[in-house]
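In: return atomic coordinates for the entry below.
(one chain, ligands or ions: 1)
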Amino acid sequence: MTTALAPGGPTLAQRRLLVTEIPGPRSRALLERREAVVAPGVGTVLPVFVERAGGGVLVDVDGNSLIDLGSGIAVVGVGNAAPHVVEGVREQVERFTHTCFMVTPYEGYVAVCEELARLTPGSHAKRSALFNTGSEAVENAVKIARAHTGRQAVIAFDHAYHGRTNLTMALTAKNMPYKHGFGPFAPEVYRMPMAYPYRWPTGPEQCGPEALAAVTGAIDAQVGAGNVACVVIEPIQGEGGFVVPAPGFLSGLAEYCRRNGIVFVADEVQTGFARTGDWFACEHEGVVPDLVTTAKGIAGGLPLAAVTGRAEIMDAVHKSGLGGTYGGNPLACAAALGAIRTIEEQDLCAAARRIGATMLPRLRALQDRCPAVGDVRGRGAMVAIELVQPGTTTPDPAATAAVAAACHRAGVVVLTCGTYGNVLRFLPPLVIPDHLLDEGLMVVEQAVVALGRPGLT
Ligand SMILES: *Cc1c(COP(=O)(O)O)cnc(C)c1O
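Out: This next block holds a predicted model:
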């Protein structure tokens, strides 16, 4: 498609507008081309082909303007084509595009590591290493923890998602679609129960202390704390269902790690960079991780990831033990500096908290009206509803798919997640205008209410 394009970014008209069915004819034509050449293993949530995007909207090749409640999976928190990101990348792309930091370094990489040292939890000396994807960051965190401790075992949790590479598949809990048929998986990964309040057998009040006791007891009995290199945990689980661990679980786990010389790795790939209303979700409970993995929201859409951690842990790795051809690519670093500047200038932590303060009460009111809504949870602009068969806690993935499809037809991009496929999650750009958030929520509410009226979805 070669059309003269109006720019994307925040100046794009901020409205929902459907001018064709979804997907429209031009998207359908592209879909046909896609089917001929793109591997079908690469899925698509909503098959409209995007032409421009910015603020809270995606504009497709048919001219439909959709409300974005997904941010490309928590990536464009600063909005698509955010001005500081565009400026930074443009300036950089004209100077040079790649040298490989391991061959001849450049300032942008160092500047991003300085920002990571400043912004991640804790005031200790820190170092960072940059990579391209969240999976790569998690793999490298495990490598670093093993090098530092001389131990091998890695602890992961039920409902965890850490990526799709071989080691991170082993850490990821859900079989379909992430692992099925792709084994064998990396050894020395031990899975523990997650403090999942809604589904904790003795109820949410008991969940934190009981889950902590179950996990530490199982590590001691089955693995041996002295064999554990690291515990890897998402401070709020992403793909696994936006599970917010019961209060006290994360801090108790961090304390257990500290007592036993285990590296506590917070995977903040989805929760990081203001998404939950703090720079990092760990801050909410005052937890200071030993290592933090970041990606998604870090660079306004360019591929960048990082491991940031205590200097004494990071320094344990031998020279040239970490790296990769593209890790910390100069364009991605320029984008990250632009994204960080945007988060600070626009106080997007506060914006995320405002989004949560708008969404959570509305979704709780929806829960009161609709017995299919079993749970409403999240923090800041990372919010979800869990759909169940009314009167039970039995997951209802069919209802969840129906609600998502209804939202998509109405021009609102929503995502699903969860081990049981029954969680509808919302990750709006932190710069979404209030009127679009309201309208997007209204569409979601209508789709959920329609569940109780068969024939309408
Ligand atoms: C998305 C995600 C990853 C993997 O990141 P990729 O960039 O897709 O490799 C890892 N951990 C968490 C928590 C994620 O949400």
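In: could you chop this structure up by domain?
Out: As given by automatic domain parsing, the domain ranges for the chain are 3-68+347-452, 83-345.
In: deepest of the ones you listed, which one?
Out: Stretch with highest mean neighbour count among the domains of the chain: domain 83-345 (a mean of 20; mean count of other Cβ atoms under 10 Å). In this view, the C-beta of every residue, glycine as well, is placed from N, C-alpha and C.
In: any idea of the mean pLDDT in that domain?
Out: In this model, domain 83-345 carries a mean pLDDT of 98.
In: end-to-end on that domain?
Out: 12 Å (Cα to Cα, to the nearest Å).
In: returning to that earlier point: could you dump the domains of the chain into TSV with distance to residue 74 added?
Out: Shown next, in TSV, are the domains of the chain (distance: least, Cβ to Cβ, whole Å):
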stretch	distance to residue 74
domain 3-68+347-452	5
domain 83-345	5
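In: could you point out which of these sits nearest the ligand?
Out: domain 83-345 (2.2 Å; Cβ to the nearest ligand atom).
In: what about that closest one, near the ligand?
Out: Yes. Domain 83-345 is in contact with the ligand by Cβ under 6 Å from any ligand atom, via 133-135, 138, 161-163, 234, 238-239, 267, 269-270, 295-296.
In: got the contact list for the closest residue to residue 161 other than its chain neighbours?
Out: Distances taken as Cβ to Cβ, 6 or more residues apart in numbering put residue 239 closest to residue 161, at 3.5 Å, once the chain neighbours are dropped. Remark: with contacts taken as Cβ atoms under 8 Å, 6 or more residues apart in numbering, residue 239 is in contact with 161, 172, 174, 270, 417.
In: would residue 53 count as being in a strand?
Out: Yes. Applying DSSP: H, G, I helix; E, B strand; the rest coil, one finds residue 53 inside a strand.
In: excluding chain neighbours, what is closest to residue 148?
Out: Excluding the flanking residues, the one nearest residue 148 by Cβ to Cβ, 6+ apart is residue 316, at 3.8 Å.
In: ok, the residues of domain 83-345 next to the ligand vs residue 111, which is closest?
Out: For those, the closest approach to residue 111 (Cβ to Cβ) belongs to residue 295, at 17.8 Å.
In: surely that closest one meets residue 307?
Out: No. Using Cβ atoms under 8 Å, residue 295 is not in contact with residue 307; the gap is 10.1 Å.
In: out of the contacts of residue 239, list just those in strands.
Out: When DSSP state E is applied, the contacts of residue 239 are split such that residue 417 fall in strands.
In: widest-spaced pair of the contacts of residue 239?
Out: Checking the contacts of residue 239 with Cβ to Cβ, the most distant pair is 174 and 270, at 14.6 Å.
In: can you check the pLDDT for residue 7?
Out: pLDDT, read off for residue 7, is 80.
In: I should have written residue 44 there, sorry.
Out: Residue 44 is given a pLDDT of 94.
In: now swap in residue 455 and tell me
Out: 57.
In: go on, residue 2?
Out: 45.
In: the longest helix in this protein is where?
Out: helix 348-369 (DSSP state H).
In: could you pull up the mean pLDDT of that one?
Out: The model assigns helix 348-369 a mean pLDDT of 98.
In: what's the closest non-adjacent residue to the spatially most central residue of the chain?
Out: The centre of the chain sits closest to residue 270, judged by Cα atoms, centre = their mean, with a distance of 2.2 Å. Distances taken as Cβ to Cβ, 6+ apart place residue 238 nearest to residue 270, at 3.6 Å, with adjacent residues excluded.
In: elements contacting the longest helix of the chain?
Out: Helices and strands touching helix 348-369, by 3 or more Cβ pairs under 8 Å, 6 or more residues apart in numbering; DSSP states H and E, are strand 373-379, strand 382-387, helix 434-451.
In: what sits up against it?
Out: 77-78, 274-279, 342-343, 373-376, 378-383, 385, 426, 428, 430-432, 434, 437-438, 441, 445, 448-449.
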